[in-house]
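A.B. asks: fold the following.
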Amino acid sequence: MPKALITTIPFGEKNRLPLELLEGGGVDYLINPLGRRLKEMELAEMVGDVDVLIAGSAWTASICSPPSGAASRSHTRPMRRRRQWPS
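C.D. replies: Residues are numbered from 1 along each chain as shown. I've put the predicted structure just below:
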């Protein structure tokens, strides 16, 4: 079973759909147990045994970079093309 670490606080409080999608996909997840923004070293310690990291965009590349040769995705659905507005 894949494991996910969710560092964003709050996550899934107003809308449980993201959590339900994870559960439906068989993903075991942990929401930030500290209840606050993690420090870089805290994140580094927690991320060691997870397959998926759901986080905000404020982390350094040294912590969040995938291992060489690994693929990474910044979103779960294909992005739609933006509509081009006439000039």
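A.B. asks: next, P18: secondary structure please.
C.D. replies: Counting by DSSP: H, G, I helix; E, B strand; the rest coil, the backbone at P18 sits in helix.
A.B. asks: list the contacts of it.
C.D. replies: Going by C-beta atoms under 8 Å, 6 or more residues apart in numbering, P18 touches F11, G12. C-betas here are computed from N, CA, C, even on glycine.
A.B. asks: look up how far D49 lies from it.
C.D. replies: Going from P18 to D49 by C-beta to C-beta, to the nearest Å gives 21 Å.
A.B. asks: one more: L43?
C.D. replies: 13 Å.
A.B. asks: who's more crowded, the two?
C.D. replies: The neighbour comparison of L43 against D49 (other C-beta atoms under 10 Å) goes to L43, with 19 against 7.
A.B. asks: my read is that the more buried one contacts T7, right?
C.D. replies: Yes: between L43 and T7 there is a contact under C-beta atoms under 8 Å: 6.5 Å.
A.B. asks: which neighbours do these two share?
C.D. replies: A55.
A.B. asks: after the host helix or strand of L22, next one along is what?
C.D. replies: Here L22 is covered by helix 17-24, with elements defined by DSSP states H and E. Note on helix 17-24: by DSSP H and E, the next helix or strand toward the C-terminus is strand 28-31.
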